[in-house]
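**Q** structure, please.
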Amino acid sequence: MKKFTISLILLFSMFSFTKISKAQGIDTLNGASPFTSGHYVPGIWDIRDYATPPPGLYVLDYNLFISGKKFFNSEGNQVTEIVRQNSKTTLDIDINGYVNIPTFFYASSFKLLGGTYIAAITPPYSTVNLDLAYDAVAKVLRDTITKDGTINGNVSGFSDMTFLPFGLSWASENMNLTMAYSIVAPTGRYTPSGSDNVGLGYWTNMFQAFGYVYPMKIKGKSSQAMAIMASLTYEMNSKIKDVNVSPGNRLTVEYGISQYLSPRFEIGIMGGYNFQITDDTGTDVWWDSSVHDQLGYVSFQIGAWPVTNKLYTAIKYNVDYGMKQRIKQHNFLLNIIYATGWLTGK
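**A** Residues are numbered from 1 along each chain as shown. Below is the predicted model of the structure:
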């Protein structure tokens, strides 16, 4: 009842088909926006994806379906309209979309410092940067003479690419520990205030740690039928291209419990919190940089092995809560892991 797991480190820029009605205003100053949500998107991966993997090359396909209609301000209150002395603008947000994220992952057959060496690359092809929605909200907040209109940014292209050059994962009978360093390169198209951006325009260095405990025993023997997971992800961001703004660093705390009901069938629940922990900096910062955004989520997962130790599939439903300066989303995911059988060392 041990899941044939892989340990992968993913940095995802979330993208979607985005439409914001009745929310168009002037450009933000120099293209800078207070609503930069970071590269790492929590809750995409499956609960056991970061456990110590068997050696080999893996292909993963993450399919994300996004829906969001509510924006929450820095006090955690939903915003439906912007009221000024001489005008009132309705904030009508409707985000629906799909993103496909392929990942190629390698786990070594040799040991380094007693652990398995891991590496990965993610070349996502995306449609519309979710941050375009946040940019539109920022424009409405800054605009002093608003007008009705529609922002519709249906563009596509290769977005910011993620590289995992170095990671180590250690396994024992009752525990797993994975630590890794990843980097996101601003390879996606980006210009300040651009309407066709598919990247975020800055580099991110990410440090991650994932721990698993297997508390169950079956007939007096240790079992991995149940896994309890906890993780930390720390993002360090560079200056945005052509804008004198460095987005604040971010921390994500995640946790989950997975239970196998049979050797091929798994259920689980996962949650986490993603929040900004340092101020935005730079001469183009026009907002109150002491206000930090945050977002919590909870997800429910069902997984199965159509082909034992070869093909794993999972469906997940994620819902956000506790938003500050964020859009509330409901996400549905279909995730696939395929073990190629290559580079196993055998």
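**Q** any idea how far apart the tips of stretch 68-87 sit?
**A** Using C-alpha to C-alpha, to the nearest Å, the end-to-end distance of stretch 68-87 comes to 26 Å.
**Q** oh, I was asking about stretch 272-280
**A** 23 Å.
**Q** average pLDDT for that stretch?
**A** The average pLDDT for stretch 272-280 rounds to 96.
**Q** next: stretch 104-112.
**A** On average, stretch 104-112 scores 96.
**Q** the helix or strand Tyr255 falls within: partners in the sheet, and parallel or antiparallel?
**A** Assigned by DSSP states H and E, Tyr255 belongs to strand 250-262. Using DSSP bridges, strand 250-262 pairs in its sheet with strand 226-237 (antiparallel), strand 265-276 (antiparallel).
**Q** in it, which residues are buried?
**A** For strand 250-262, the neighbour count (16 or more other C-beta atoms under 10 Å) marks Arg250, Leu251, Thr252, Glu254, Gly256, Ser258, Tyr260 as buried. Quick note: C-beta positions are derived from backbone N, CA and C, even for glycine.
**Q** and what of stretch 191-203?
**A** Those would be Pro192, Ser193, Gly194, Asn197, Val198, Gly199, Leu200, Gly201, Tyr202, Trp203, for stretch 191-203 by 16+ other C-beta under 10 Å.
**Q** and for stretch 218-238?
**A** Ser223, Gln224, Ala225, Ala227, Met229, Ser231, Thr233, Glu235, Met236, Asn237.
**Q** how much space between the last one and Arg250?
**A** When distances are taken as C-beta to C-beta, to the nearest Å, Asn237 and Arg250 turn out to be 8 Å apart.
**Q** got the contact list for the closest residue to Leu311 other than its chain neighbours?
**A** Distance criterion C-beta to C-beta, 6 or more residues apart in numbering; nearest residue to Leu311, sequence neighbours excluded, is Tyr338 at 5.6 Å. Contacts were defined as C-beta atoms under 8 Å, 6 or more residues apart in numbering; by that measure Tyr338 touches Tyr58, Val59, Leu60, Asp61, Lys310, Leu311.
**Q** check which helix or strand covers the second one.
**A** Spelled out, it's Val59. strand 56-72.
**Q** that strand pairs with which strands?
**A** Strand 56-72 has these strand partners (DSSP bridges): strand 78-79 (antiparallel), strand 92-112 (antiparallel), strand 326-339 (antiparallel).
**Q** let me have the buried residues of strand 250-262 in TSV, extended by distance to Ile277 and pLDDT.
**A** Rendered in TSV, the data for the buried residues of strand 250-262 read as follows (distance: C-beta to C-beta, whole Å; pLDDT from 0 to 100):
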residue	distance to Ile277	pLDDT
Arg250	7	97
Leu251	5	98
Thr252	10	98
Glu254	15	98
Gly256	22	98
Ser258	28	98
Tyr260	36	97
